[in-house]
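K.L.:
My questions are about this predicted structure, shown below with the sequence.
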Protein chains: 2
Amino acid sequence: MITDKLIEKIKYTGNPSVVGLDTSAEYLPDYEKVKGNSSDMAKAVTEFNYAIIEKIKDVAPAVKVQIAYYEAMGINGMKAFADTCKAAREAGMIVIADAKRNDIGATAKQYANAFFGGGDFDCDFLTVNGYLGTDGIAPFLTADKGIFALVKTSNPSGGELQDMKLENGLTVYEQMAMLVEKWGADNIGASGYSRVGAVVGATYPEQAKRLRKLMPHTFFLIPGYGAQGGGADGAVAGFDEKNGGGIVNSSRGILCAYRQEKYKGMNFAEAAYAATVDMREDLTAALARR
Amino acid sequence: MITDKLIEKIKYTGNPSVVGLDTSAEYLPDYEKVKGNSSDMAKAVTEFNYAIIEKIKDVAPAVKVQIAYYEAMGINGMKAFADTCKAAREAGMIVIADAKRNDIGATAKQYANAFFGGGDFDCDFLTVNGYLGTDGIAPFLTADKGIFALVKTSNPSGGELQDMKLENGLTVYEQMAMLVEKWGADNIGASGYSRVGAVVGATYPEQAKRLRKLMPHTFFLIPGYGAQGGGADGAVAGFDEKNGGGIVNSSRGILCAYRQEKYKGMNFAEAAYAATVDMREDLTAALARR
């Protein structure tokens, strides 16, 4: 079962973190050379990702590939997305496509074909948006693949709708949490977690603690650590009593580590490796402090 | 201003409808010949779309291209999506990319680059999901392009979250409607409608009437007519007092018209043309009955 597999990889690497390959060409040391040409940019992004995957594959369990950065480069970018996902899977990593897809049932089925059907964009997990309810989610649950549905997002204005109070006493995001927990109920693995995970931002630790109680079988994908301002303690706030149940994402903090004073003298891949190890230690320390 | 331009095209064609190019290879007369090969399927879908666009370009103002059907064919499919959008724009039609994109600000900016930045996937309008609030929407409002944000979707389980009652007396979808109306407030054209439209399903006419009152400056994209069970009267329920303010989508009803007894003897493009004209008459009659 895919969530069990992810949890095993986290145990093996001792690292509950996922490296976000939100690779903007602007992050590359060679950006000036490729700037403006989508084919050159996409090739450079692919090579950059390959080098990072090769370095981190034994110290991180998973990559999260943010498709927007690739779509922005058009067809060439989509090829870079496909090649990146393929390389990460071949390196033995779990691949999360961060695409936040959502549509009515017949169309959701097409998205499931795109990401779970063995084609160019094949991955292990897909992020989704549950605003359309059960019939937009069901098509993603037919294979041994997993989804992460948005519950409480990490951005400042996420609360405009998500934090609204319902008549039943729950907030909108808590209501979404109840739906997500229900969607996973028939797909719980040996780990106790289901194939239907939740996106719960590192920037809202109090809410994450409450969500952990509301969603005991739901694995958390936690964005917002690092560049978005969430610290390690906030990032692990939604973990369970055994210090499991979640995976924390960092993107720019790892991809652009080579620009930091701390990693001076390293090339981008070495710096990414060092930053991934540092993130592991940061999260491990935060978990030990709980 | 793009919404004014869409409204002018609707007046010119006398047709408040949009042809949904949700072109599954299975819809093609030649499906058996291309089945199983994504390159052949994508090419056949592109040719099919070209033929339909060429036939309908003067009787329909716009096409809505549902990206999921193209993503499902991988890189080749994305090329078919790009080629289809380009052909429709060159034919003078308004192009709505139906992709329901959504993410935090920095990532939403990448999606805006993808669909509004002049690249392979360039279009006039993009559908989006507003669950992340204002900072996930703002990046789409920097160019003279438009968005349609999901408010009340046409599918059976859309109400699971959307129909929940808030403490303030509104439903979740009505609250979303208030946000959408606000997002458009600084971008209202000569027509009185803004660049921030709403997706309002044809299957929920009573809710559409109420939404028209709540969102006086918001143009509606109305799915669910035809194959999803919404009739013409339901589809125009959210139109304004001057019989404007909305555009109704039909996909399978037009793409697969050649399979209907009614259009027997016509090839697929002729049948699509006839079905588009029939839809125009059906909607015009429904508007006259109000």
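P.N.:
Cool, the structure landed. Residues are numbered from 1 along each chain as shown, chains lettered A, B, ... in the order given.
K.L.:
what about dumping the CA coordinates of stretch A:150-157 to PDB?
P.N.:
What follows is stretch A:150-157, C-alpha atoms only, in PDB (Å, rounded to 0.1, in the frame of the first residue of the first chain):
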ATOM      1  CA  LEU A 150      -6.100  20.500   0.600                       C
ATOM      2  CA  VAL A 151      -7.400  21.100   4.100                       C
ATOM      3  CA  LYS A 152      -5.700  24.000   5.800                       C
ATOM      4  CA  THR A 153      -3.300  25.700   3.400                       C
ATOM      5  CA  SER A 154      -0.100  27.500   4.400                       C
ATOM      6  CA  ASN A 155      -0.700  30.900   2.700                       C
ATOM      7  CA  PRO A 156      -1.900  34.100   4.500                       C
ATOM      8  CA  SER A 157      -5.300  34.300   2.800                       C
END
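K.L.:
contact partners of it?
P.N.:
Stretch A:150-157 has contacts (CB atoms under 8 Å, 6 or more residues apart in numbering or on different chains) with A:100, A:127-130, A:158, A:162, A:173, A:176-177, A:180, A:198-204, A:207-208, A:211, A:215, A:223-224, A:228, A:230, B:102, B:104-105, B:131-136. Glycine gets a C-beta too; all of them are placed from N, C-alpha and C.
K.L.:
model confidence over it, on average?
P.N.:
For stretch A:150-157, the mean pLDDT works out to 95.
K.L.:
got it, and stretch A:166-183?
P.N.:
98.
K.L.:
ok, and for that stretch, which residues are buried?
P.N.:
Within stretch A:166-183, the residues scored as buried using 16 or more other CB atoms under 10 Å in any protein chain shown are A:166, A:171-183.
K.L.:
now swap in stretch A:222-237 and tell me
P.N.:
Under the neighbour-count criterion of 16+ other CB under 10 Å, stretch A:222-237 has A:222-228, A:230-237 buried.
K.L.:
how much space between A:G169 and chain B?
P.N.:
Between A:G169 and chain B the distance is 9 Å, computed by CB to the nearest CB, to the nearest Å.
K.L.:
mind listing which of the contacts of stretch A:150-157 are in strands?
P.N.:
Those of those mapping onto strands are A:100, A:127-128, A:198-200, per DSSP state E.
K.L.:
Need the residues you listed in a markdown table (columns: pLDDT and distance to B:Y31).
P.N.:
Formatted as a markdown table, these follow (pLDDT from 0 to 100; distance: CB to CB, whole Å):
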| residue | pLDDT | distance to B:Y31 |
| --- | --- | --- |
| A:K100 | 98 | 31 |
| A:T127 | 98 | 32 |
| A:V128 | 98 | 29 |
| A:A198 | 98 | 39 |
| A:V199 | 98 | 37 |
| A:V200 | 97 | 43 |
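K.L.:
Just give me the closest of those to B:M78.
P.N.:
Ranked by distance to B:M78 (CB to CB), these are led by A:K100 at 17.6 Å.
K.L.:
do you know how far that closest one is from chain B?
P.N.:
A:K100 sits 5 Å away from chain B, going by CB to the nearest CB.
K.L.:
dump the residue contacts of that residue.
P.N.:
Contacts of A:K100 by CB under 8 Å, 6+ apart are A:127-129, A:150, B:101-103, B:129.
K.L.:
before we move on, back to that, among the buried residues of stretch A:166-183, name the ones that also lie close to chain B.
P.N.:
The subset of the buried residues of stretch A:166-183 within reach of chain B, by CB under 8 Å from any CB of the partner chain, is A:166, A:172, A:175-176, A:179.
K.L.:
the helices in the stretch 101-250 of chain A, which residues?
P.N.:
Applying DSSP state H, counting those that start in this stretch to the stretch 101-250 of chain A gives helices spanning A:105-116, A:159-162, A:172-184, A:205-214, A:232-235.
K.L.:
Nearest the geometric middle of chain A, what residue?
P.N.:
What sits nearest the mean C-alpha location of chain A, by CA atoms, centre = their mean, is A:K64, with 4.4 Å.
K.L.:
Name the SS class of it, please.
P.N.:
Judged by DSSP: H, G, I helix; E, B strand; the rest coil, the three-state class of A:K64 is strand.
K.L.:
pretty sure it is touching A:I94, no?
P.N.:
No. Using CB atoms under 8 Å, A:K64 makes no contact with A:I94, being 9.4 Å away.
K.L.:
mean confidence score for stretch A:208-221?
P.N.:
Stretch A:208-221 comes out at a mean pLDDT of 98.
K.L.:
For the stretch 151-290 of chain A, which residues are neighbours of chain B?
P.N.:
A:153-162, A:164-168, A:172, A:175-176, A:179, A:223, A:228.
K.L.:
Look up the closest residue to A:V277, ignoring the ones flanking it.
P.N.:
Using CB to CB, 6 or more residues apart in numbering or on different chains and skipping the chain neighbours, the partner closest in space to A:V277 is A:V59 (5.8 Å).
K.L.:
Oh, that last question was meant for A:L170, not what I typed.
P.N.:
A:M178 (7.2 Å).
K.L.:
again, but for A:V151
P.N.:
Nearest residue to A:V151 in three dimensions, chain neighbours excluded: A:A198, at 4.3 Å (CB to CB, 6+ apart).
K.L.:
Low-confidence bits of chain A, can you list those?
P.N.:
A:227 (pLDDT under 70).
K.L.:
so who does A:D120 touch?
P.N.:
By CB under 8 Å, 6+ apart, A:D120 lies in contact with A:78, A:82, B:38, B:74-75.
K.L.:
can the residues you listed go into TSV with extra columns for neighbour count, distance to B:G246 and secondary structure?
P.N.:
Listed next are the contacts of A:D120 as TSV, based on neighbours: other CB atoms under 10 Å in any protein chain shown; distance: CB to CB, whole Å; DSSP: H, G, I helix; E, B strand; the rest coil:
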residue	neighbour count	distance to B:G246	secondary structure
A:M78	27	33	helix
A:A82	21	38	helix
B:S38	18	36	helix
B:G74	24	34	helix
B:I75	21	35	helix
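K.L.:
If anything else comes up later, I'll come back, but that's it for now.
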